[in-house]
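Visitor: sequence unknown, structure follows:
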């Protein structure tokens with residue numbers, strides 16, 4: 001892996017961490033739909049970084065989702081429940097961003113923050129193990 005690739009992976013993981021921090025602030029401010037959006041993007045950036053370790057890159061959300069499952073969930077590197085969490089965030093972000101009259105309830109999505117932190121930490125551990 002080149003230094004440039006390592007830098008890009010580190011940048012995307014940094015974006016993942018930043019998105020989690022943003023999500024917490026949004027939740028605390030009552031902006032629940034935006035909170036869900038930032039949680040999804042935290043996972044998106046982390047998966048994007050992980051894919052780079054295999055020289056795979058995509059900016060298509062659906063393609064990234066397929067690659068996550070094919071390359072990492074089916075192979076056991078990422079547990080199925082984490083893959084399901086990504087799918088939940090993927091679908092919820094789509095719904096919250098593009099469908100009308102969608103309002104997420106804070107009490108129904110509050111635990112998604114901890115699950116997202118776990119997801120991103122797991123990916124960070126995989127990447128660190130490759131170094």
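Guide: Nice, I can see it. Everything quoted here is computed from the prediction, not taken from an experiment.
Visitor: CA only for contacts and neighbour counts going forward, please
Guide: OK.
Visitor: how about stretch 98-116: buried residues?
Guide: 104, 106, 112-113, 115-116 (16 or more other C-alpha atoms under 10 Å).
Visitor: measure it end to end?
Guide: Using C-alpha to C-alpha, to the nearest Å, one end of stretch 98-116 lies 22 Å from the other.
Visitor: so the most centrally placed residue in the chain is in which element?
Guide: When the chain is reduced to its mean C-alpha position, the nearest residue by C-alpha atoms, centre = their mean turns out to be residue 43, at 0.5 Å. Using DSSP states H and E, residue 43 sits in helix 32-52.
Visitor: packing partners for that helix?
Guide: Packing contacts for helix 32-52, counted by 3 or more C-alpha pairs under 8 Å, 6 or more residues apart in numbering; DSSP states H and E, involve helix 3-28, helix 61-68, helix 80-98, helix 112-130.
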